[in-house]
Each structure stands twice: as structure tokens, then as C-alpha cells.
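Visitor: sequence-free structure coming up:
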């Protein structure tokens, strides 16, 4: 789990393009997805889910309830690449765009 005392690296992931010079910023709290190294692998807003199905149902509901909220993925540095790909494939399938991918700093 990511904590406040951990240094994080942020990687932008497919940000939307605009024709205008000025972008409006949103004050909405982000939908935070955590990818954990050990089972259960997924958490949403800090709450872990025992199964992939229960996690995806909760995620879809959260996105539907807050369609303007940015989505941020926080990954444990030891998290499985396979689980990350599974998550990214699900997000792509449901056209959910992640605005940032956060990782723990090794330093």
C-alpha cells in the first residue's frame, strides 16, 4: 500500500488533447486504484477486494458515480506486471483513462 511517507514517481498516461490554449482544472478528488504485491492485488480508494470481479464492479460503479474524477493508479514496486497488464486491459476495454501512474521511489 502506498503511504504518505513514501517518495513517489509519477508517469503521465495518455493525457487528453485539446485545441484550446487554456485547460480547466478539476477540483474533484481522484479515484485511486492501488496495485498491491500480494493478494488481494487490487484496492480502490484504500479498500482492498478479495476477488477481481468484486473489484471491477466497485471500480465501474465509482467511475459511473464520478465521471469527471481523474483516475490514478498507485502501484507497489513489487506488484506483478501480469496484474498491472490485467488492470490496464480492463481500463482500456471500459474506456477508463488513467491520468497518472504512481510508483514507489527506490531511493
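Guide: Thanks, I have it. Note that the structure is a prediction, hence the values are computed from the model and not measured.
Visitor: can I assume residue 101 is in contact with residue 87?
Guide: No: contact criterion CB atoms under 8 Å: residue 101 and residue 87 do not qualify, at 10.3 Å. Using the backbone N, CA and C atoms, a C-beta is placed for each residue, glycine as well.
Visitor: in the chain, mark out all the strands, start to finish.
Guide: Secondary structure of the chain by DSSP state E: the strands cover 8-12, 31-35, 42-44, 47-49, 71-75, 98-104.
Visitor: which residues are in contact with both of residue 101 and residue 87?
Guide: Each of residue 73 lies in contact with both residue 101 and residue 87 under the rule CB atoms under 8 Å, 6 or more residues apart in numbering.
Visitor: okay, the two: which has more neighbours?
Guide: Comparing residue 101 with residue 87 by other CB atoms under 10 Å, the one with more neighbours is residue 87, at 22 against 18.
Visitor: what's near enough to touch that one?
Guide: Counting by CB under 8 Å, 6+ apart, residue 87 touches 33, 35, 42, 73.
Visitor: who does the one residue sitting closest to the centre of the chain bridge with?
Guide: Note on the chain: the residue nearest the mean C-alpha position is residue 73, at 2.3 Å, using CA atoms, centre = their mean. Here residue 73 shows beta-bridge partners residue 33, residue 101, assigned using DSSP bridges.
Visitor: now do the contacts for it.
Guide: By CB under 8 Å, 6+ apart, the contact set of residue 73 is 13, 33, 34, 35, 87, 98, 100, 101, 102.
Visitor: of those, which pair is most distant in space?
Guide: Greatest spacing in those, by CB to CB: 13 and 34 (15.6 Å).
Visitor: higher neighbour count, those two?
Guide: Shown here are residue 13 and residue 34; by other CB under 10 Å, residue 34 has more neighbours (21 against 15).
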